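> Got a predicted model here, sequence first, then my questions.
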Amino acid sequence: MERYAVIGNPIAHSKSPRIHAAFAEQTGQVMTYEAVLGPEEGFADTVRAFAASGGRGMNVTVPFKLQAYDLADQLSERAQAAGAVNTLSFRADGIHGDNTDGVGLIRDLQDNLGCALQGSRVLLLGAGGASRGVMLPLLATRPDSITIANRTASRADELVERFRPLCEATVLRGCGFDAVGDEGFDVIINATSASLSSEVPPIPPQAYSGCQLAYDMMYGARPTPFMLEASDRGAARTADGLGMLVEQAAESFDIWRGIRPKTGPVLAMLRTQLATGR
Ligand code: ATR
């Protein structure tokens, strides 16, 4: 039996085992997918031990994505750009690291939510790992502009400088929340961890003027505080990050198994489970 796993700390509540079990069943793949609690010390040893015992690949989640980046022998272009790895493949020539988070977001936005990014004005809230992880796939959709706004403005500026060389068709700008200005945005993406403390990034209300979609990378049984505020302020539509989770998993599954599962039924299953507290 070919073995896969997700490693993180904590890991008990990870939805990845259910998602990959559903993908495997749907596509007829014979494989197992476990949850591994990563130790505070010795992440690399745990990964190597899993590979040595027949593991073929691992998803990596908080707080190990940077350590996975350091561990990989080869890195995909998008993992390099993200500076983080969420998908490890154990191959004959070494450990391959990829990052499927960004493409997961883009698939959810474009394919599931029907949101056209090309030519749009995007406001990306946050300048941490989550924002860095989605920048390359986001730029590839050729938005008109991306404004990165962050609580600490200097981190937004750093992210802009990092990606400016990779940016052809898009105007990039970095600022603090108070300097977003009075323009409106077509798409607003919350990549901060503010929702974890029930806070909402304090952006000007005008930012929501003409907003087609306000997207929170966090998710839960109920709309997040950011989604509620976005609705109040006039965003035409809001969505949480459950679809991104399923889409990034589908991309990992494809990397490992060479087959792309249908995500719609799995997303619907998770949504029901969330709503009913399962
Ligand atoms: P992640 O990998 O989830 O992006 P991170 O690298 O620690 O985690 O980044 C967290 C992001 O959420 C940062 O942009 C952080 O802002 P700062 O750079 O100013 O720290 C942002 N963030 C966290 N809590 C926040 C809050 N309560 N309000 C607004 N932004 C917040």
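Now that the structure is in, tell me what you want to look at. Numbers count the residues shown, from 1 in each chain.
> Is the nearest residue to residue 37 once chain neighbours are set aside inside a helix or a strand, and which specific one?
Sequence neighbours aside, residue 11 is the residue nearest to residue 37 in space, at 5.0 Å (criterion: Cβ to Cβ, 6 or more residues apart in numbering). For the C-beta atoms, the positions are set from N, CA and C on the backbone; glycine is no exception. Using DSSP states H and E, residue 11 falls within no helix or strand.
> Count the neighbours of residue 11 for me.
By the criterion of other Cβ atoms under 10 Å, residue 11 has 18 neighbours.
> That one: what's it in contact with?
Each residue near residue 11 by Cβ atoms under 8 Å, 6 or more residues apart in numbering is listed here: 35-38, 61.
> if I look at it, how far off is the ligand?
17 Å (Cβ to the nearest ligand atom, to the nearest Å).
> swap in residue 53?
Separation of residue 53 from the ligand (Cβ to the nearest ligand atom): 29 Å.
> ok, back up a step: closest to the ligand among the contacts of residue 11?
Closest to the ligand out of those is residue 61 (10.5 Å), distances taken as Cβ to the nearest ligand atom.
> Please name the bridge partners of the spatially closest residue to the closest one that is not a sequence neighbour.
In space, and not counting its chain neighbours, residue 61 is closest to residue 8: 3.6 Å by Cβ to Cβ, 6+ apart. Note on residue 8: beta-bridge partners residue 37, judged by DSSP bridges.
> i'd like the first residue to be 14 from this point on
Right, with 14 as the first residue, what we last looked at is residue 21.
> Quick one: residues contacting residue 21.
By Cβ under 8 Å, 6+ apart, the neighbours of residue 21 are 27, 48, 50-51, 73-77.
> Buried ones among the residues you listed?
Buried members of the contacts of residue 21, counted by 16 or more other Cβ atoms under 10 Å: 27, 48, 51, 73-74, 77.
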